[in-house]
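Novice: give me the fold of what follows.
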Amino acid sequence: MQKISLLIACALVLVFTLGNHMPQAPARIGCAWPLSTCPVCLKPLGATPVIKIIDDPKDPNLNGREIRFESEQCAATFEIDRAKYLKPANEQMVREQLPQYPAINCVVMPDESLTDPTSPNAGKGENIIVGNRLVRTCCGQCARRVRRDPVKWLTQVDKGIVADQGAKYPLKVCVISGAPLPAEPVNVFIGSRLVEVATPADALKAQQNPIETLAKLDAAVGALKPSAEKKPSTDAPPIANPNAK
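Specialist: Numbers count the residues shown, from 1 in each chain. You can find the predicted model right below:
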């Protein structure tokens, strides 16, 4: 009996030791992959994409960034030349996120103005993608500061998005659970868009499928718009026959 107890104790110690030394999954920085397609094969991701979070000491600019792939083969191909596949994906994210971006000033140096994000020339500034999120800076030096401490500067972007979109957020219910939004909802940021949800659990679900979440948001907002009033009939009454009795 003592030998069995000793073996159990040793096993528990081994499990505890291994558990403390097992590599932890890298934490995601920014938001979930906001595109509907795989960056490698460009096919739709579908309901069960392969999700990877970059964790590479040699590439700190990308650490914590989530990428979604159509298959494990695409994920392996991506690792051969990350820049090749991220360049067009980044460009697409910039185009999609610029219209909702909240500020026309550099996030690092707020006194430095930038091109209006809704103007045709907005894409020609220092637009960088950090953690799948657009961040606008006035120069390369500021862009490097953002990349060195992405969480800090994404928090600043978040504040701008809440200030810009929070006051006019159109829904009173959570798009994930349907529950009424509390006085202080949980803010979810997908690209440059704000999604208000009821609980942290709803926030996790919103990031599990960001494309579906935004589709639900757009559908809910669209349903709030009043239906177009019926236009009066333009059909003229039939002309009476003057010879009819």
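Novice: who's in contact with the spatially most central residue of the chain?
Specialist: Residue closest to the average C-alpha location in the chain (CA atoms, centre = their mean): residue 190, at 2.5 Å. Shown in contact with residue 190 (CB atoms under 8 Å, 6 or more residues apart in numbering): 31, 32, 34, 206, 207, 210, 213, 214. Placement of C-beta: from N, CA and C, glycine included.
Novice: what about residue 111, how many neighbours?
Specialist: By the criterion of other CB atoms under 10 Å, residue 111 has 7 neighbours.
Novice: that one in helix, strand or coil?
Specialist: coil (DSSP: H, G, I helix; E, B strand; the rest coil).
Novice: ranges for the helices of the protein?
Specialist: 2-21, 72-80, 82-97, 140-148, 150-161, 200-208, 210-224 (DSSP state H).
Novice: the residue lying closest to residue 108 once chain neighbours are set aside: how many residues sit nearby?
Specialist: In space, and not counting its chain neighbours, residue 108 is closest to residue 142: 3.9 Å by CB to CB, 6 or more residues apart in numbering. Residue 142 has 20 neighbouring residues, counting by other CB under 10 Å.
Novice: ok, residue 142 - contacts?
Specialist: 106, 107, 108, 109, 112, 126.
Novice: again, but for residue 216
Specialist: Counting by CB under 8 Å, 6+ apart, residue 216 has contacts 175, 176.
Novice: equivalent analysis for residue 203, please.
Specialist: Counted by CB under 8 Å, 6+ apart, residue 203 has contacts 186, 188, 197.
Novice: and of the residues you listed, the nearest to residue 85?
Specialist: Residue 85 lies nearest to residue 188 out of the contacts of residue 203, by CB to CB, at 26.1 Å.
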